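> 3D, please:
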Amino acid sequence: MKRPIVSVVIPCYNTQEYLAETLDSAIAQTLSDIEIICVDDGSTDDTPKILKQYAANDKRIKVITQKNSGVVTARNVAIAAARGEYIYTLDSDDIITPDCLEKLYAAMTAGKGDVITSRVIMFSDNTRGEFILPKPTKSNMVINNCLVNAALFRKKDFEETGGFDPAFNDGIEDYDLWMNFMFKHNKKIYRVPEILFYYRSKPKSASRNSQGASKYHLLRKYMKKKYPEMRKYFVIKWIKKIARMIVRIDGKNVKIFRISIRKQK
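Modelled structure (predicted):
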């Protein structure tokens, strides 16, 4: 059996309301040499029924069923079963444009980076607008996650990272993976300057990542321990902040501790 170029992995848990739209967007890709691996993570709604219907109509769709174990396990199981050289992670309530995989794959094969993402539209039932994210450099990624959870990467690179860390099953598991790629394996992240991904924004009560400030703080604390390289970038950030506080350029005046020392020409 011919090996697909890209394996799209979709963890699914009780998303009957959005799943068909997500699957339709994956099926419609102009890069057709793909497989779509869906892991039903113990859904209790009509998610299994929808997956079964789609798999019956498209041989590229494969469904794996497991007891509810969380998104980290679901993604790891899907990627372990993937046959594609490249992996694209997609949540079961988000949408990709028809040319998404084709353009990400083109950037990958052109050597733009090792993890390829794109610009993002955030949408809900009532609103829509671009989700503006900083450039995914190491320094920016240390301060906050600059990516969404959908990106293209090589399966072999993913395996070298050890996969999604179960310690982050309550949230920011994608953030941890990107940090792993960058800091432990020196991989480059590149953002295609086009809108190819639509991120569905849901109420906090319906969001898996509504872990709360205290839990997020604990996850970030563990992340800092896991990647001690982050400390350097925090130090650089504070040095720059202090330097801006000490030396300020106000119009044509240079000030140190708010005391004007000379006029610029």
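> Mind jotting down where the strands sit in this protein?
Counting by DSSP state E, one finds strands in the chain at the ranges 6-12, 34-41, 61-66, 86-89, 95-96, 115-123, 128-131, 152-154, 189-200, 247-250, 253-256, 259-263.
> what sits against residue 134?
Going by C-beta atoms under 8 Å, 6 or more residues apart in numbering, residue 134 touches 140, 144, 146. Just so you know, the C-beta spots here come from the backbone N, C-alpha and C atoms, and that holds for glycine as well.
> Kindly reformat the strands of the chain as a markdown table containing mean neighbour count, distance to residue 234 and mean pLDDT.
Formatted as a markdown table, those follow (neighbours: other C-beta atoms under 10 Å; distance: least, C-beta to C-beta, whole Å; pLDDT from 0 to 100):
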| stretch | mean neighbour count | distance to residue 234 | mean pLDDT |
| --- | --- | --- | --- |
| strand 6-12 | 27 | 32 | 98 |
| strand 34-41 | 24 | 35 | 98 |
| strand 61-66 | 17 | 38 | 98 |
| strand 86-89 | 24 | 28 | 98 |
| strand 95-96 | 20 | 34 | 98 |
| strand 115-123 | 20 | 23 | 97 |
| strand 128-131 | 11 | 25 | 95 |
| strand 152-154 | 22 | 26 | 98 |
| strand 189-200 | 19 | 19 | 98 |
| strand 247-250 | 11 | 21 | 56 |
| strand 253-256 | 14 | 25 | 56 |
| strand 259-263 | 10 | 29 | 56 |
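> Nearest to residue 164, out of those strands?
Residue 164 lies closest to strand 86-89 among those, at 9.3 Å (C-beta to C-beta).
> Just grab the bridge partners of the nearest residue to residue 64 once chain neighbours are set aside for me.
If the residues on either side of it in the chain are set aside, residue 64 comes closest to residue 39, at 4.7 Å by C-beta to C-beta, 6 or more residues apart in numbering. Here residue 39 sits in beta bridges with residue 11, residue 64, going by DSSP bridges.
> where's residue 39 relative to residue 172, distance?
Going from residue 39 to residue 172 by C-beta to C-beta, to the nearest Å gives 20 Å.
> Also residue 10?
The gap separating residue 10 from residue 172 is 19 Å, by C-beta to C-beta.
> Next: residue 161.
From residue 161 across to residue 172, the span is 15 Å (C-beta to C-beta).
> Next: residue 30.
The gap separating residue 30 from residue 172 is 32 Å, by C-beta to C-beta.
> How about residue 97?
As judged by C-beta to C-beta, residue 97 and residue 172 stand 26 Å apart.
> try residue 11
Taking C-beta to C-beta, one finds residue 11 at 15 Å from residue 172.
> I figured residue 90 was touching residue 26, is that so?
Yes: if you go by C-beta atoms under 8 Å, residue 90 and residue 26 touch, sitting 6.6 Å apart.
> overlap in contacts of those two?
Common neighbours of residue 90 and residue 26 (C-beta under 8 Å, 6+ apart) are 8, 10, 96.
> Could you check how many residues crowd around residue 3?
Around residue 3 there are 10 other residues, counting by other C-beta atoms under 10 Å.
> Without its sequence neighbours, what residue ends up closest to it?
Distance criterion C-beta to C-beta, 6+ apart; nearest residue to residue 3, sequence neighbours excluded, is residue 83 at 5.3 Å.
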